[in-house]
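Asker: I would like the atomic coordinates for the input below:
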Amino acid sequence: MTKHSKAYVDAAKQFDPERLHAPSEAFELVKGTAKKKFDETVDVAFRLGVDPRKADQMIRGTVSLPNGTGKTSRVLVFAAGDAAREAEAAGADFVGTDDLIKRIEGGFLDFDVTIATPDLMAQVGKLGRSLGPRGLMPNPKTGTVTNDVGKVVGEFKAGKVEYRTDRYGNVHVPVGKVSFDARALLENYHAVLDEILRAKPAASKGKYVQSSVASTTMGPGVKLDPAYTKIDEPAKGATN
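Answerer: Next up is the predicted model:
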């Protein structure tokens, strides 16, 4: 059984942990229960009605948060020539080819997003054991295998984030920081929810969004009511 800190326990007493909350209320609670001295990340975890063992029910993609994440992503780009110069001009933190491959093979993983031009994927593919488990392998589904590296670097620097189902059918996505006002968190959440709903696999049957929970880095989870699918819209029944 997980032992929580006194601050966590005190925060959890401020609301009913079993009640479904309207998203606008939930993010007010999340902000109100944050007690840490640092600017905690606010994360939303979705439990989806998919079978992650089946390839046609795995979802993976990207979504641009209208208010950003509150953090500037560190972007690494595998590119050469003009594409490398384009990536550098767009603000990429690390750009290279063989030199970067050797650094990663040596244990370097101090970055958040990996982008590669298609011609280098044969070489980058060798890093699967290092990048794959951390969700850092470039993938066409997320737009991170591209010749338009400048545009993609700019998008991730501006607040685009990746999402993917884990082996239990969950999707975890950051939607901002505690320092954001509740409305900004709400807008980011709905951008993510819209994308999750859009990406629903045809093979998924029954209730799709089974549950969702918002929490800070160190705080308790606040359950979100999936019936609220639009900002400022009254609940109209469960999301299927």
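
Asker: Look at G221 and say how many residues are nearby.
Answerer: Residues lying near G221 (other CB atoms under 10 Å) number 18. Where you see a C-beta, it was placed from the backbone N, CA and C, and this is true even at glycine.

Asker: whoops, I mixed them up, A122
Answerer: 8.

Asker: Just say helix, strand or coil for it.
Answerer: Here A122 is recorded as helix under DSSP: H, G, I helix; E, B strand; the rest coil.

Asker: begin at 279 from here
Answerer: Okay, residue one is now 279; in that scheme the one you just asked about reads as A400.

Asker: now the helices for the chain?
Answerer: Per DSSP state H, the chain carries helices over the ranges 284-290, 301-311, 359-367, 376-383, 399-402, 406-409, 427-436, 460-476.

Asker: residues contacting the spatially most central residue of the chain?
Answerer: Note on the chain: the residue nearest the mean C-alpha position is V451, at 3.1 Å, using CA atoms, centre = their mean. Residues in contact with V451, defined by CB atoms under 8 Å, 6 or more residues apart in numbering, are 321-322, 324, 341, 439, 441, 470.

Asker: most neighbours, which of the residues you listed?
Answerer: V322 (27 neighbours).

Asker: Show me what that residue is bridged to.
Answerer: V451, A492 (DSSP bridges).

Asker: Contact partners for it?
Answerer: Residues in contact with V322 (CB under 8 Å, 6+ apart) are 450-451, 453, 467, 470, 490-492, 502.

Asker: Any of the residues you listed buried? List them.
Answerer: For the contacts of V322, a burial check counting by 16 or more other CB atoms under 10 Å picks out 451, 453, 467, 470, 490-492, 502.

Asker: picking up where we left off before, quick check, nearest of the contacts of V451 to P301?
Answerer: Distance to P301, by CB to CB, is smallest for V322 among the contacts of V451, at 9.2 Å.

Asker: Next one: that closest one, what pLDDT does it get?
Answerer: pLDDT, V322: 97.

Asker: which stretches of this structure have low pLDDT?
Answerer: The model of the chain has pLDDT under 70 over residues 279-293, 510-518.

Asker: Relative to T420, how far out is the closest residue to G432 other than its chain neighbours?
Answerer: Excluding the flanking residues, the one nearest G432 by CB to CB, 6 or more residues apart in numbering is A368, at 5.0 Å. In this view, A368 and T420 are 17 Å apart by CB to CB, to the nearest Å.
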